[in-house]
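>>> with the input below, show me the fold.
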Amino acid sequence: MRPFRFGYQVRTDNPEQLRREVQAAEAAGFDVVCTGDHLGRYLSALEPLAFAAAWTERVRLCPLVLNNDFHHPGLLAQRLATLDRLSDGRMEVGIGAGHAFPEYEAASIAFDPPALRKRRLAESVEILRRLLDGERVDHHGEHYDLSGLATIEPAQQHVPILVGVNGRTGLAHAARHADIIGLTMLGKTLSGGNAHAVRWEPERVDATVAWIAERAGERAGHLELNALLQAVVVTDDRRQAAEELSARIPGLDVDDALSTPFLALGTHDEITQHLLACRERWGISYYVVREIESFAPVIDALHYEDRLS
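Predicted coordinates:
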């Protein structure tokens with residue numbers, strides 16, 4: 001069973017606050033510092049990771065996740081390899097197919113149907129893998145055309161790639177090509193463009209994880225499964241927290257809120273036991289959160305459990 005890893009996703013655009021947060025995350029035992037990738041009044045995805053690398057010594061660095069439609073894989077590979085060199089081999093690559101249609105509209109980028117965006121993502125992942133592995137790439141595909149392109153070599157021999165995707169076809173490709181799969185189990189994008197209906201029923205997660213293992217074949221034991229904890233609520237009343245969240249999140253049942261790997265509700269001990277149960281049932285060992293202080297005791301407890309095992 002894989003040991004736990006924990007990522008902290010930064011969202012501030014204040015340089016001093018960002019420095020404090022990445023240093024606090026490292027001190028609290030987080031393993032990875034993550035960013036997001038959205039157009040608008042946000043910091044971009046990669047530059048804050050270079051900033052974080054300069055202020056930390058140990059934590060790894062991962063955009064969670066890059067919108068593939070905003071980045072050409074040939075140009076992106078050069079930037080990622082450079083960041084890996086400058087951070088002494090701490091980069092991981094998180095990438096997905098994109099979903100926030102208002103951002104596409106604002107930038108006059110075509111928002112293609114999901115199947116097309118996922119095919120483009122799959123092609124991009126294969127190109128990134130080859131470039132980051134040091135190949136000189138000739139590629140003439142449906143979406144990208146490269147002739148003898150190479151990039152600077154990363155510091156790592158193998159830069160891990162995390163693919164965040166939904167759907168059987170996208171997950172099957174990720175199972176064959178990614179190192180880490182970011183599970184989301186989200187439904188349709190809602191009218192605002194950023195929120196989603198959720199599909200967090202435990203039986204659906206069972207089926208998704210089984211599908212990934214089946215399509216991965218011999219690679220299954222090498223895949224790491226990731227989940228973004230959409231909420232961490234430290235409370236003495238788990239059910240009340242679940243009821244409040246289910247009233248706000250479309251498609252979320254109270255019992256599902258208590259069992260899903262995408263929420264962490266309860267006392268620190270209850271959250272610890274919940275994540276242990278999620279790893280036991282689904283193999284999810286890599287969690288990303290947006291809180292440091294309230295989640296740090298859980299990290300301590302789960303790292304302690306790993307040391308005992």
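
>>> mind listing the strands for the stretch 1-150 of the chain?
5-9, 32-35, 60-63, 66-67, 93-96, 137-140, 145-149 (DSSP state E, counting those that start in this stretch).

>>> relative to residue 294, which of those strands is closest?
Residue 294 lies closest to strand 5-9 among the strands of the stretch 1-150 of the chain, at 11.8 Å (C-beta to C-beta). Any C-beta I mention is one placed from the backbone N, CA and C, and that applies to glycine too.

>>> name every strand pairing with that closest one and say which way it goes.
strand 32-35 (parallel), strand 284-289 (parallel) (DSSP bridges).

>>> not counting the longest one itself, show me its contacts.
This points to strand 284-289. Applying C-beta atoms under 8 Å, 6 or more residues apart in numbering, the contact partners of strand 284-289 are 1-9, 32, 34, 64, 180, 183, 224-229, 232, 261, 264, 275, 278-279, 295.

>>> most neighbours per residue, which of the strands paired with strand 5-9?
Neighbour counts (mean count of other C-beta atoms under 10 Å) averaged over each of the strands paired with strand 5-9 peak at strand 32-35, with a mean of 26.

>>> on that earlier part again, quick one, which of the strands of the stretch 1-150 of the chain gets closest to residue 159.
strand 93-96 (6.1 Å).

>>> what's the spacing between that closest one and its chain's center?
Computed by C-alpha atoms, centre = their mean, to the nearest Å, the chain-centroid distance of strand 93-96 equals 7 Å.

>>> what are the C-alpha coordinates of that strand, in CSV please?
Extracted as CSV, the C-alpha positions of strand 93-96 are listed here (Å, rounded to 0.1, in the frame of the first residue of the first chain):
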residue,chain,number,x,y,z
VAL,A,93,3.1,17.9,-13.8
GLY,A,94,-0.6,18.1,-13.2
ILE,A,95,-2.7,18.5,-16.4
GLY,A,96,-6.4,18.2,-17.3
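
>>> which secondary structure elements does that strand contact?
strand 60-63, strand 66-67, helix 114-132, strand 161-164, strand 180-183 (3 or more C-beta pairs under 8 Å, 6 or more residues apart in numbering; DSSP states H and E).

>>> about what we covered before: buried subset of the contacts of strand 284-289, written for ChimeraX?
Buried residues among the contacts of strand 284-289 (16 or more other C-beta atoms under 10 Å), as a ChimeraX selection:
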select :4,5,6,7,8,9,32,34,64,180,183,224,225,226,227,228,229,232,261,264,275,278,279,295
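
>>> could the helices and strands packed on strand 93-96 be laid out in CSV, adding distance to residue 243 and mean pLDDT?
Output for the helices and strands packed on strand 93-96, formatted as CSV (distance: least, C-beta to C-beta, whole Å; pLDDT from 0 to 100):
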stretch, distance to residue 243, mean pLDDT
strand 60-63, 33, 98
strand 66-67, 34, 98
helix 114-132, 32, 98
strand 161-164, 28, 98
strand 180-183, 24, 98
